[in-house]
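Enquirer: Generate a structure from the sequence data that follows.
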Amino acid sequence: MTHLEEYIRDFYSQLDIHFPTQLDKEDIANKLGITIFYWNEGSQALFIKNRSFIFLNHMMLQNFKWQEFCHELGHVLLHSGDQMYLPYSFVEYQEFKANNFALHAAAPTFMIDELDLPNTYQEAVSLLQDTFHISLTFACKRLDHYINNNEITSQRYW
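Expert: Next up is the predicted model:
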């Protein structure tokens with residue numbers, strides 16, 4: 001397991017989250033004291049007086065809301081500072097880290113390990129989509145990460 005995979009496993013364990021059916025943005029936010037707002041703009045995380053807020057576009061499909069929530073949660077848990085005042089290269093770095101966090105938080109490795117992944121790539125992607133309520137593109141990226149970090153699985157698909 002990578003450091004991020006261990007971090008997410010331990011993070012969810014502390015929240016008493018062990019199964020895909022427990023991955024719920026409202027429940028996670030509530031356990032962490034994060035307020036979620038739904039609005040007409042793009043997603044973002046804000047920190048005001050030691051409180052965390054996640055803003056999600058209310059028009060997004062549920063799977064995209066989950067993915068965006070995980071991205072913004074990455075900012076809440078891993079970053080500090082206002083991106084308006086950071087150098088562009090550091091903002092890019094934070095976005096890369098939040099994107100990677102989202103892939104692993106939305107479909108955690110320790111939960112994927114418990115799945116009986118099908119033998120074909122397409123069927124495995126569909127299983128990830130259905131199990132973790134994520135989009136096709138997101139499921140493909142996540143499965144690619146999983147395969148590339150797992151020698152046994154990589155032999156099956158590549």
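Enquirer: mind listing what the spatially most central residue of the chain touches?
Expert: The centroid of the chain falls nearest to A102 when counting by Cα atoms, centre = their mean (2.5 Å). For A102, the contact set (Cβ atoms under 8 Å, 6 or more residues apart in numbering) comprises Q67, E68, C70, H71, L73, G74. No exception for glycine: its C-beta is placed from N, CA and C like everyone else's.
Enquirer: mind redoing it with 6 Å?
Expert: With contact set as Cβ atoms under 6 Å, 6 or more residues apart in numbering, A102 has these partners: Q67, C70, H71, G74.
Enquirer: confidence score at it?
Expert: In this prediction, A102 carries a pLDDT score of 97.
Enquirer: Test for you: state the pLDDT assigned to R156.
Expert: Here, the pLDDT recorded for R156 equals 62.
Enquirer: The host helix or strand of T137 packs against which elements?
Expert: Assigned by DSSP states H and E, T137 falls within helix 136-148. Where contact means 3 or more Cβ pairs under 6 Å, 6 or more residues apart in numbering; DSSP states H and E, helix 136-148 is packed against helix 88-106, helix 121-132, helix 151-157.
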